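Peer 1: what follows is a protein structure lacking sequence information:
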């Protein structure tokens, strides 16, 4: 079921989905089914153009990123924060490369590095909290790895230590393969203790839904914002490709 879920999910990504509609449209055109053929071609082209345009992708990301407020910059006794009683700071996994000649921090992909930095910032605000890092034995590119490769949790832990965080405050979850398994593992580890849950801002709504389903006492701490930076003028953004 896990493999099937991943296959279906990858096919529903914008590029594969647009190629499916375009291929279906061409196939129907070959069989002289003109109306459904042009509909399939139009849908495929529209998905491709929208997904590849920076303005559209930024707007879509921003709609998700505004659902939860970021964690406070500072903690003050006069202004209690929802993260004050957190006993754990959990950073959900993302991806890394296998270039062993690079430091652990440099091996992390951009989203993993942004999540880890926010997790470290919050953990330093909560000196009694433990830092939980999650990620199985997998790479950013998904290529097969040998048995001696590091888990993503260990690469993040090594990066945290490189950045001055004490290793004895770090816990690792290295068997959870996706967000649902991560939140279930966190609920088992933390019990009823409150957790500051750190993940990408566009991903935090889904992560919080799964956390509630798992019975996790979580506080949303979004990081890795894609749509909250100062935007360029709209005409400039309409011509830019990529997210």
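Peer 2: Yep, it's here. Predicted model only: the values in this text are computed from it and were never measured.

Peer 1: what's the separation between the residue nearest to the spatial centre of the chain and residue 185?
Peer 2: Centroid-nearest residue in the chain: residue 200, 4.6 Å away (criterion: C-alpha atoms, centre = their mean). To residue 185, residue 200 is 19 Å away according to C-beta to C-beta, to the nearest Å. Heads up, the C-betas are built off the backbone N, CA and C, glycines and all.

Peer 1: residue boundaries of the helices in the protein?
Peer 2: Secondary structure of the chain by DSSP state H: the helices cover 2-11, 14-30, 34-51, 54-65, 104-107, 110-125, 152-162, 179-190, 204-213, 234-238.

Peer 1: show me what the shortest one is packed against.
Peer 2: Counting contacts by 3 or more C-beta pairs under 8 Å, 6 or more residues apart in numbering; DSSP states H and E, the secondary-structure elements packed against helix 104-107 are helix 152-162.

Peer 1: give me the mean pLDDT for the helix it packs on.
Peer 2: Averaging pLDDT along helix 152-162 yields 96.

Peer 1: can I get the helices of the chain in TSV with mean neighbour count?
Peer 2: Shown next, in TSV, are the helices of the chain (neighbours: other C-beta atoms under 10 Å):
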stretch	mean neighbour count
helix 2-11	10
helix 14-30	15
helix 34-51	15
helix 54-65	17
helix 104-107	19
helix 110-125	21
helix 152-162	22
helix 179-190	20
helix 204-213	18
helix 234-238	11
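
Peer 1: between those, which one is closest to residue 221.
Peer 2: Closest to residue 221 of the helices of the chain is helix 110-125 (C-beta to C-beta; 5.9 Å).

Peer 1: quick one on the thing from earlier: tabulate the helices of the chain (a markdown table), appending distance to residue 86.
Peer 2: What follows is the helices of the chain, written out as a markdown table (distance: least, C-beta to C-beta, whole Å):
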| stretch | distance to residue 86 |
| --- | --- |
| helix 2-11 | 30 |
| helix 14-30 | 35 |
| helix 34-51 | 36 |
| helix 54-65 | 21 |
| helix 104-107 | 24 |
| helix 110-125 | 8 |
| helix 152-162 | 17 |
| helix 179-190 | 10 |
| helix 204-213 | 13 |
| helix 234-238 | 37 |
